[in-house]
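Q: just coords:
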């Protein structure tokens, strides 16, 4: 039970605890330090929300090295270890939040962006934080808070609480559906599930009548447990989950929580489309700053092996030190099917939407619950539709499209907690790998997920990879929106021909800029890989640019290190079959086996000093995520061209036949 909830005359109220404190995460970092030292106490009435930190991402709350601990009480020791000043010094030292006597934490807009890691709210919760206050919350993070029983509210509500008011609990929970309210009031997901199993809580059928539906609504309606064929945004429903996966960064917590809740002999009902992957930490041993954590990493691997053996889920462990690939890429290749509802413990689970499936990331608590029961509770999200028209310029890719969407629609929060639906005649001009890029980075837009319409290219791609699937059956599983489907976020036309090469400047994927408008920016590292940019079509892009460079007598520029990492073994085999490895070798590219690596600061391509500059095809560029240097996000074409030029440039055909510096 949340300690802020009290019983008063037969009703439940929320009140601050005398002697406990409120921590304001202000843009003035010295004010945060002063609060932690006990030298400053602030009140909401005296703080302008504009002076609070926005976009506090989960890497800040629990950086990768903190996540090597699977017990929440150990995570709490280094809560907010990723919040650093300009010199790289931590603002929140070890135990500072844990020992500070705080029960409320306050920030600005879009709290909890980035990874779906539940370790972030766990670290707060086990430090004593029972109430998170912000202007808005990223959707997966908010759901993780709910599952842990951590209350959320806005700044006006905090001002009332600090003034001594006892606020009725329903004022904090009335904006939620009845089940989410019940989860919060029960103290979290596991206590709620126990109440549901006892029959103390019921989930009524949605009762929505016939109406035109978008793809999200259709897929969820097809999975309903109970009566009903139609859904609308806001409907609460109990739905079956078709499959999911976890990786060595998250599986240990899932195993740990299931053992605590259901006993060490727990079983799961259907492991056939659930899986574990060894992909995220495979290269951590090669990163200097990761060396102190090798014992913890090995513990995570061991616990994942225990979980796999215990449950019988699909096993994608590394063999002889080589991973089958990044979970999102392998899953779309091997078991994410059109019309599926897939849940996994990683925010880039939404990449599966390129397969015409509904997929999104969840925290370890929620995943443990759904893999144990086979179903989960969902409040139907709103959707926003993007109608694609025309074709991309030869110098542009889907990465440029999503970077453009990020700097516009995401900044305005049009995509916040909505499913991004992609369709229109221009979609046919994008390969399946390019569609996966769009859906992959829906989470950077703080969207719930992304999903693409299906067509002949979808059937061709799946049939080529799934000999057990009949093409007619594949096409029969396609999900399309009804002509008059409703989109709360609107329907927006994207003219692909108007897209220009883009980058996201260091700090956040929403910091978009046109390559042509950048100041001259030399680079030290070019990274080509990750789930976003280690697919077959991405390898085509790298090979095209580097092949043209080699033909012109050029190669990766002196002083630049280019690292290329495959997304899966299938992608590696594809590159070999097309002779790309010879091109990469002649161009001076360092090629490594499948895995995550530099994208999460755990592999070759990580910067080592603050003055290094990286141009990378990954999906996130939060400070410190891929080393201490400055990191620009860009398309595979831009990354490869920049590696050859030694500075950030856009690619255009024939560029290497021009005079150097032209």
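A: Cool, the structure landed. Quantities reported herein were computed from a predicted structural model and do not represent experimental measurements.
Q: quick one: contacts for the residue nearest in space to the middle of the chain?
A: The structure's the chain has its C-alpha centroid closest to residue 347; by Cα atoms, centre = their mean the separation is 2.5 Å. Contact analysis of residue 347 by Cβ atoms under 8 Å, 6 or more residues apart in numbering lists 114, 115, 116, 140, 361, 443. (Each C-beta comes from the backbone N, C-alpha and C, glycine too.)
Q: In JSON lines: those residues, plus secondary structure, pLDDT and distance to residue 486.
A: Shown next, in JSON lines, are the contacts of residue 347 (DSSP: H, G, I helix; E, B strand; the rest coil; pLDDT from 0 to 100; distance: Cβ to Cβ, whole Å):
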{"residue": "114", "secondary structure": "coil", "pLDDT": "81", "distance to residue 486": "30"}
{"residue": "115", "secondary structure": "coil", "pLDDT": "77", "distance to residue 486": "31"}
{"residue": "116", "secondary structure": "coil", "pLDDT": "74", "distance to residue 486": "27"}
{"residue": "140", "secondary structure": "helix", "pLDDT": "84", "distance to residue 486": "24"}
{"residue": "361", "secondary structure": "strand", "pLDDT": "94", "distance to residue 486": "25"}
{"residue": "443", "secondary structure": "helix", "pLDDT": "95", "distance to residue 486": "23"}
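Q: Could you report the distance from the residue nearest to the centre of the chain to residue 631?
A: According to Cβ to Cβ, to the nearest Å, residue 347 and residue 631 sit 18 Å apart.
Q: now swap in residue 315 and tell me
A: Using Cβ to Cβ, residue 315 is found at 33 Å from residue 631.
Q: do residue 561 as well
A: Counting by Cβ to Cβ, the gap from residue 561 to residue 631 is 14 Å.
Q: Correct me if wrong: residue 287 contacts residue 601.
A: Yes: assessed by Cβ atoms under 8 Å, residue 287 is found in contact with residue 601 at 7.0 Å.
Q: can you map out the strands along the stretch 251-400 of the chain?
A: For the stretch 251-400 of the chain, the strands defined by DSSP state E, counting those that start in this stretch occupy 274-277, 314-316, 341-344, 358-361, 375-379, 383-389.
Q: what about stretch 601-608, how long is it end to end?
A: 10 Å (Cα to Cα, to the nearest Å).
Q: Looking at residue 315 and residue 631, which has the bigger crowd around it?
A: More neighbours surround residue 631 than the other of residue 315 and residue 631, with 28 against 15 (other Cβ atoms under 10 Å).
Q: would you say the more buried one is within a strand?
A: Yes: the assignment for residue 631 is a strand, going by DSSP: H, G, I helix; E, B strand; the rest coil.
Q: Next, count neighbours for the closest residue to residue 322 other than its chain neighbours.
A: Leaving aside its chain neighbours, residue 322 sits nearest to residue 593 (4.9 Å; criterion: Cβ to Cβ, 6 or more residues apart in numbering). Neighbour count for residue 593, taken as other Cβ under 10 Å: 16.
Q: just checking, residue 593 touches residue 324?
A: No: Residue 593 is beyond contact range of residue 324, at 10.1 Å (criterion: Cβ under 8 Å).
Q: max-length helix in this protein?
A: Looking across the chain with DSSP state H, the single longest helix is helix 294-311.
Q: Show me what that helix is packed against.
A: Applying 3 or more Cβ pairs under 8 Å, 6 or more residues apart in numbering; DSSP states H and E, one finds that helix 294-311 contacts helix 251-262, strand 274-277.
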